[in-house]
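[1] Quick one: sequence plus predicted model below, questions after.
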Amino acid sequence: MATLALRAPVEETFTWLRGRLAEVVQEGLNHRELGPTLDPAGSASAIVAALQGGYVLARAAGTTEPSDQAVIGILLLLAQHRPLATTQGEPRHMRISRRPAAGVAAPFQWITGNA
């Protein structure tokens, strides 16, 4: 965006969004819902970039498929950092072994550690 009047609020929004997502990732780390190797700021930037890229590709294609794939991809990447409890009380990291049949809602049903 060449015009500062247009760029400033967009930049402010993306800065806020990346900051908020970094806070959410940090909360997941603090509660041991995510593995300790995940970088909050880097993860937040990657999430925003993937979602925005998926949006742009979906608009260009005239279908939601690229956006849906971006969401699924983000969930798969985050799932790789989700520890599961073991009998010894130490977390282990889950692995995704299969993909959902179709739809965006499916990842929330199959990223459970039982895949």
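    Yep, it's here.
[2] Okay, buried residues for stretch 4-20 please.
    Across stretch 4-20, burial judged by 16 or more other CB atoms under 10 Å covers Leu17, Arg18. Yep, even glycine has a C-beta here, placed from its N, CA and C like the rest.
[3] just stretch 49-57 next, same as before
    Under the neighbour-count criterion of 16+ other CB under 10 Å, stretch 49-57 has Ala50, Leu51, Gly54 buried.
[4] What is the nearest of those to Glu23?
    Among the buried residues of stretch 49-57, Leu51 lies closest to Glu23 (CB to CB), at 16.8 Å.
[5] and Ala70, how far is that from Glu12?
    Ala70 sits 23 Å away from Glu12, taking CB to CB, to the nearest Å as the criterion.
[6] same for the longest helix seen in the chain, what does it pack against?
    As assigned by DSSP state H, the longest helix anywhere in the chain is helix 4-30. Contacts defined by 3 or more CB pairs under 8 Å, 6 or more residues apart in numbering; DSSP states H and E place helix 4-30 against helix 40-61.
[7] what about the helix it packs on, average pLDDT?
    Averaged over helix 40-61, pLDDT sits at 95.
[8] Identify the residues contacting stretch 31-44?
    Stretch 31-44 has contacts (CB atoms under 8 Å, 6 or more residues apart in numbering) with 17-23, 25-29, 78, 81-83, 91, 93.
[9] mind redoing it with 10 Å?
    17-29, 45-46, 74, 77-83, 85, 91-94 (CB atoms under 10 Å, 6 or more residues apart in numbering).
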